[in-house]
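Engineer: Next come a sequence and a model predicted from it.
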Amino acid sequence: MATIKHLSSKNSDLGAAERYLIFQHDESNNNPVLDEYGHLIPREDYRIDTVLCGDEDFAIACMKTNLAYNKNLSRGDIKTHHYIISFDPRDAEDNGLTMDRAHELGLEFCKTHFPGHQALVATHPDGHNKSGNIHVHIVINSLRIEHVPMMPYMDKACDTLPGMKHRCTAAALRYLRAEVMEMCQREGLYQIDLLNGSKNRITEREYWAQKQGQKKLDEENVELIANGEEPKQTKFETDKAILRKQIRAALKKSKTLDEFFDSLLEDYGIAVKESRGRFSYLTPERTKPITSRKLGDDFSKEAILAALEQNTPRILPSVSQRPVISVTPIAKPEIEKLIDLEAKRAEGKGEGYIHWGKTFNLKTMAKTLIYLQENGLTDLDALDAALAEAHEKVNAGRANIKAIEQTLKEKKELQRQVLNAHAGKDLHAEYLKLPKKKQEKFYEENRPALMLYDAAMRYFKENGVKTIPTVKRIQDEIEDLTSAKNAGYTEYRESQKREKELQTVKVNIETILRQQEPEIGQERKAHEQEI
């Protein structure tokens, strides 16, 4: 799944960002990695481009802009904003995502959503966790150098003007998350819902605390093993990770809110506080409580109450009354097509390959039969019916996605027109107040904004929009549609997988039946000769 992360920097050394993107760094402390001569070591593979910097590099272009507007010169000013879009590691193999394509997407995203900003866009093939996730860094100068159209995440008219600074608000981040989801859906890449929170919310600080704690623990364990001692702990857990486990353990055995509070307090010494309808958890070693928002959505008041409601009707029988059930889990094998050994032999494959192919076919036949049994497909008619049903689900999923996409397209067009109407509203009101002799000159001086305003009014009239909705309301609707589209894509992929699986099974069954026909015919012929 693709994610987007934001960092802001007050570093006056604007060249530091470019050095980080080009040269190798120790990700645990961000220090550059040096060779034996003390020189910086370039990264093995990367792509890098600048936006609105002309022939100059990013640092010099930004410094000139800052001096021209007399901004970003104080120590406490935010000089740059750093956005990182990380793609799912599976996208490279499953969906054909390449470094070049990811870089193109990053450049497109930067120009579309950060217009008027000088930027540095770099793409790397892997993250510091070595998971193989291609990711794009977008570093923008916080100062805008061009007049830009009103963006959905902007809430002030001055946000569009040159010389003003980029503001990464909560609304801006939600908008950018929705756009990342939309981009991945458009490109057919893996994606999760970035708009509806996460069960366990791991912050950047907690992530690095876990990494550094694990590294330190591993080093200590190496010393213990060298001294002939057995390590007591092999996995490091942060305070928040331990707190999550303790809350879940207390929740599991509680049926009411009071029982939950008492269990946490008695078992772990954790006090629960409620403020403005939100829970926070105070552990014995802390003076300041940890809010549920920092732990994840599973620990909010709403989630706790919902879990307790599920626990209430659950009355477990005594041990003597419980039936003893022995379940042997069956692995879910991937079904592959049987190999046509005669065709392979005709291609010139040797006896070694043929021997391997026979073994492979026997295993695949077994997997196919197990699949039929597990799914209750007792005959070819049932298999055909299941395949037809899967095909219908694929078509229905595709139609659902197209319908959502069309609605999403219409909402985005409405959003664009509303933004244009808001941008030109004051100018149009001023234009109407002027005497007719001055109106023509005023219109010519402000032609772009007034033309867009007039076009927006025509759009509203042609589409029957009597009450112009707020930008926030439209953005909320767009986010809901994006989440629905993401869920639809997930269901569609599952339906496609199911259909492909059933098609493979059907081909295998037909192949097995064809192979049995000559044997049956030979047996019948031999029987007739005996008679």
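Structural biologist: On my side now, so go ahead. From a predicted model like this one, the values you see are computed outputs, not experimental measurements. Residues are numbered from 1 along each chain as shown.
Engineer: And the pLDDT for residue 202?
Structural biologist: pLDDT, residue 202: 71.
Engineer: Secondary structure class of it, three-state.
Structural biologist: Using DSSP: H, G, I helix; E, B strand; the rest coil, the structure places residue 202 in coil.
Engineer: That one: neighbouring residues, count only.
Structural biologist: 16 (other CB atoms under 10 Å). In this view, the C-beta of every residue, glycine as well, is placed from N, C-alpha and C.
Engineer: Can you give me the separation between it and residue 164?
Structural biologist: Look at residue 202 and residue 164: by CB to CB, to the nearest Å, they are 34 Å apart.
Engineer: Phi, psi for residue 177 please.
Structural biologist: Backbone torsions of residue 177, given as degrees, to the nearest 10, read phi -60, psi -40.
Engineer: Would you point out the helix or strand in this structure whose mean pLDDT is lowest?
Structural biologist: Every helix and strand of the chain was ranked by mean pLDDT, DSSP states H and E. The lowest is helix 471-530, at a mean of 78.
Engineer: Could I get the full set of helices for the stretch 301-450 of the chain?
Structural biologist: For the stretch 301-450 of the chain, the helices defined by DSSP state H, counting those that start in this stretch occupy 301-311, 341-346, 351-374, 380-433, 436-445, 447-462.
Engineer: Looking at the backbone only, give me phi and psi for residue 347.
Structural biologist: For residue 347, the backbone dihedrals are phi -70, psi -10 (criterion: degrees, to the nearest 10).
Engineer: just wondering, since we're on it, how far is it from residue 340?
Structural biologist: 10 Å.
Engineer: Can you pick out the residue with more neighbours from those two?
Structural biologist: Using other CB under 10 Å as the criterion, residue 347 and residue 340 rank with residue 340 on top: 13 against 9.
Engineer: and residue 259, how many neighbours does it have?
Structural biologist: So residue 259, with other CB under 10 Å, has 15 neighbours.
Engineer: Now the helices of the stretch 301-450 of the chain in CSV, please, with extra columns for distance to residue 291 and mean pLDDT.
Structural biologist: Listed next are the helices of the stretch 301-450 of the chain as CSV, based on distance: least, CB to CB, whole Å; pLDDT from 0 to 100:
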stretch, distance to residue 291, mean pLDDT
helix 301-311, 11, 84
helix 341-346, 63, 84
helix 351-374, 45, 85
helix 380-433, 33, 90
helix 436-445, 51, 89
helix 447-462, 42, 91
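Engineer: Pipe those into CSV and attach distance to residue 499 per row.
Structural biologist: Converted to CSV, these look like this (distance: least, CB to CB, whole Å):
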stretch, distance to residue 499
helix 301-311, 34
helix 341-346, 26
helix 351-374, 14
helix 380-433, 4
helix 436-445, 59
helix 447-462, 41
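Engineer: For residue 514, which of those is the nearest?
Structural biologist: Residue 514 lies closest, by CB to CB, to one member of the helices of the stretch 301-450 of the chain: helix 341-346, at 11.4 Å.
Engineer: Go through that closest one and flag the buried ones.
Structural biologist: residue 341 (16 or more other CB atoms under 10 Å).
Engineer: for stretch 89-107, same thing?
Structural biologist: Neighbour count says stretch 89-107 has 89, 91, 92, 97, 99, 101, 102, 103, 104, 105, 106, 107 buried, by 16+ other CB under 10 Å.
Engineer: Now the first one: which helix or strand?
Structural biologist: For residue 89, there is no enclosing helix or strand under DSSP states H and E.
Engineer: for the last one, same thing?
Structural biologist: In this assignment (DSSP H and E), residue 107 forms part of helix 99-113.
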